[in-house]
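> take a look and give me a structure for this.
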Amino acid sequence: MPSFKVEHETKMSAQETFDKVCDYLQNSEGLKKLDSALKYDFDKAAKTGHVKGSKFECSMKVVGSPTKVVLDISIPLLLTPFKSTIENNLKEKMSKILG
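The predicted structure follows:
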């Protein structure tokens with residue numbers, strides 16, 4: 001599966017960033033419509049997570065000071081033409097929820 005990375009730096013604390021991104025990944029109607037078979041695995045102590053579905057995978061980690069969230073997304077070959085749209089939408093969502 002082709003993959004790409006989305007990174008976003010924020011002034012929020014690492015814990016607040018992790019909580020907000022987890023909430024988005026678990027409750028996004030858009031992600032649920034894209035893939036209804038999502039499974040979530042979050043490690044609050046390490047501030048990492050993994051979302052796996054039948055149509056995509058996403059690994060997430062919150063690092064550093066200043067705080068940065070890094071999303072590694074893998075998509076099927078058939079969705080490759082939409083990679084830039086997916087990437088831009090994720091960047092927009094991260095800016096909206098993390099400031």
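
> wait, doesn't residue 58 sit right on residue 75?
No - applying Cβ atoms under 8 Å as the test, residue 58 and residue 75 come out as separate, 9.5 Å apart. C-beta here means a position set from N, CA and C on the backbone, and glycine is covered the same way.

> what about the helices in the chain?
14-27, 29-34, 83-98 (DSSP state H).

> how about residue 52: what's its closest non-neighbour residue?
What sits nearest to residue 52 in space, not counting adjacent residues and going by Cβ to Cβ, 6 or more residues apart in numbering, is residue 39, at 5.1 Å.

> residues in contact with the one you found?
Counting by Cβ atoms under 8 Å, 6 or more residues apart in numbering, residue 39 touches 51-53.

> gap between it and residue 49?
Applying Cβ to Cβ, to the nearest Å, the value for residue 39 to residue 49 is 11 Å.

> what does the pLDDT read for residue 83?
We have a pLDDT of 92 for residue 83.

> so what's it up against?
Residue 83 makes contacts with 2, 4, 75, as judged by Cβ under 8 Å, 6+ apart.

> so which of these would you say is closest to residue 29?
residue 75 (19.0 Å; Cβ to Cβ).

> burial of the residue lying closest to that closest one once chain neighbours are set aside, as a residue count?
Distance criterion Cβ to Cβ, 6+ apart; nearest residue to residue 75, sequence neighbours excluded, is residue 56 at 5.0 Å. Residue 56 has 19 neighbours, counted by other Cβ atoms under 10 Å.

> render the CA-only coordinates of the least confident helix or strand in the chain by mean pLDDT in PDB, please.
When each helix and strand of the chain is scored by mean pLDDT, DSSP states H and E, helix 29-34 comes last, with a mean of 85. Presented in PDB, the C-alpha positions along helix 29-34 are these (Å, rounded to 0.1, in the frame of the first residue of the first chain):
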ATOM      1  CA  GLU A  29     -18.100  10.700  10.500                       C
ATOM      2  CA  GLY A  30     -16.000  11.000   7.300                       C
ATOM      3  CA  LEU A  31     -13.700   8.200   8.400                       C
ATOM      4  CA  LYS A  32     -16.600   6.100   9.500                       C
ATOM      5  CA  LYS A  33     -18.200   6.600   6.100                       C
ATOM      6  CA  LEU A  34     -15.000   5.700   4.300                       C
END
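
> noted, bye for now.
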